[in-house]
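Q: Sequence first, then the predicted structure:
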Amino acid sequence: MNSPEGLILKNASVVTADQVIENGTVTIDSGVIATVADDVSATHGTVLDLSGLFLLPGFIDVHIHGAVGIDVMDATAEQLNEIGVFLASQGVTGWMPTFVPAADENYASAIAAIAKAAQVSSGAHVLGVHYEGPFVNSAQCGALHTEYFKTYSGPADVDSLPLPADAGDLRGGAVCMITLAPEVGGGIELIRELESRGWVISIGHTRASLDVLDQALAAGARHMTHFMNAMAPLHHRAPGPIAWGLSHDDVTFDMIADGIHLDPFMLRLLLKVKGERGISLISDAIAAAGRGDGNYQIWGETIAVKDGRTSNAAGSIAGSVITMLDAVRLMRSLDASYVQLARMAASNPAELLGLSHECGSIEVGKRADLVALDENAQVKLTLIRGNVAFRA
């Protein structure tokens with residue numbers, strides 16, 4: 001539903017980068033935001049009355065392994081689009097399929113499917129790919145399979161990670177992101193190599209010392225993956241990654257706001273200490289997301305979901321079953337403002353991926369990737385490139 005005359009969204013509480021415009025109007029032309037105003041200035045186009053709704057930039061999930069029974073490592077292009085359609089119903093307009101450490105041939109087949117899916121996406125659009133590992137610390141493996149972990153010996157190790165561009169061009173180009181532990185063999189050299197190739201580099205599954213973390217930052221790693229999870233715990237005589245991440249204003253992190261990976265008290269504390277400009281929300285969702293409790297065969301093992309908590313045979317938490325919408329709802333219940341929510345769920349992820357010139361906020365000239373929520377944070381409308389991808 002994208003009228004050739006344009007689209008007019010009126011009477012919404014429009015959440016911009018620094019304020020909420022009450023009874024605001026956003027006009028869209030050719031999939032791009034044309035105007036943002038506090039009165040109805042457009043004179044033609046299809047009108048949607050969003051009275052009583054909050055209009056936010058569409059959510060961007062930079063860390064998601066799957067949903068609705070589908071794992072991105074094994075999915076066909078059609079199944080990836082099923083995930084995208086589901087995500088659109090949850091207010092997500094862009095996502096990064098995220099790989100766990102696996103065999104090279106598994107990576108290659110998954111990349112081929114992602115590249116194909118991006119050409120015909122009817123839901124949330126694929127923005128690139130996120131490798132969680134394989135260059136991570138086995139002492140902080142979490143639910144990742146250590147048999148596929150690697151150290152770095154030279155550029156050929158990066159060449160071995162297939163990219164979407166190798167299998168076909170993603171619309172608008174592909175973002176390449178990786179989570180790594182800088183203390184693994186050759187870790188700092190790896191960061192330098194990835195930085196030279198334009199990768200987004202995030203520190204995670206790590207027990208790195210302050211000195212190594214400083215070297216990683218200087219080499220180009222400026223973000224941290226699922227903060228506080230799968231990293232050495234905070235200790236007053238061994239500050240480690242958590243203290244380091246909190247103390248550096250030039251380092252951002254993402255967090256899983258499900259109330260399980262991090263206690264709600266910690267979520268509120270992290271927001272208070274770091275501030276919304278330093279935090280991105282992620283789902284870290286696995287294939288069981290959207291399917292409810294039960295036992296699921298994922299990553300070659302049985303992962304149980306009970307009362308929304310995942311666990312593998314070893315008893316470790318194995319990802320989440322939330323969506324970005326669930327994370328937004330929880331943070332809202334912890335008194336985060338809509339401006340803060342838009343920053344953490346959209347603007348910061350866009351900036352992390354180098355896409356803030358295209359999306360992530362409600363501004364003239366940016367893609368009309370938008371979500372309208374009611375007062376209970378239920379999705380009533382999702383627009384992707386100005387087209388209705390979901391409407392309740």
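A: Everything's here; your move.

Q: show me the contacts for residue 274.
A: Contact analysis of residue 274 by CB atoms under 8 Å, 6 or more residues apart in numbering lists 246, 253. For every residue, glycine as well, the C-beta is placed using N, CA and C.

Q: Now do it against residue 343, distance only.
A: 12 Å (CB to CB, to the nearest Å).

Q: same deal with residue 20?
A: For residue 20 relative to residue 343 (CB to CB), the value is 13 Å.

Q: Neighbour count: the two, which is higher?
A: Comparing residue 20 with residue 343 by other CB atoms under 10 Å, the one with more neighbours is residue 343, at 27 against 17.

Q: my read is the more buried one is in a helix, agree?
A: Yes. Residue 343: assigned to a helix according to DSSP: H, G, I helix; E, B strand; the rest coil.

Q: What residues does it make contact with?
A: Applying CB under 8 Å, 6+ apart, we find residue 343 in contact with 17, 276-277.

Q: Keep only those of those that are in strands.
A: With DSSP state E as the criterion, strands contain none of those.

Q: quick one: which of these is nearest to residue 125?
A: Residue 125 lies nearest to residue 17 out of the contacts of residue 343, by CB to CB, at 21.9 Å.

Q: buried set for the helix or strand hosting residue 272?
A: In this assignment (DSSP states H and E), residue 272 forms part of helix 264-274. Within helix 264-274, the residues that count as buried by 16 or more other CB atoms under 10 Å are 267, 270-271, 274.

Q: Please tabulate these in TSV and include distance to residue 103 and pLDDT as additional columns.
A: Formatted as TSV, those follow (distance: CB to CB, whole Å; pLDDT from 0 to 100):
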residue	distance to residue 103	pLDDT
267	36	98
270	36	98
271	39	98
274	37	98
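
Q: okay, those in a markdown table with distance to residue 321 next?
A: Output for the buried residues of helix 264-274, formatted as a markdown table (distance: CB to CB, whole Å):
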| residue | distance to residue 321 |
| --- | --- |
| 267 | 17 |
| 270 | 21 |
| 271 | 23 |
| 274 | 25 |
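
Q: out of the contacts of residue 343, who has the most neighbours?
A: With neighbours defined as other CB under 10 Å, the most crowded of those is residue 276; it has 18 neighbours.

Q: Show me what the helix or strand hosting residue 94 packs onto, helices and strands only.
A: Element membership for residue 94 (DSSP H and E) is strand 92-99. For strand 92-99, the contact count by 3 or more CB pairs under 8 Å, 6 or more residues apart in numbering; DSSP states H and E identifies strand 59-64, helix 77-89, helix 104-117, strand 125-126, strand 128-132, strand 379-384 as packing neighbours.
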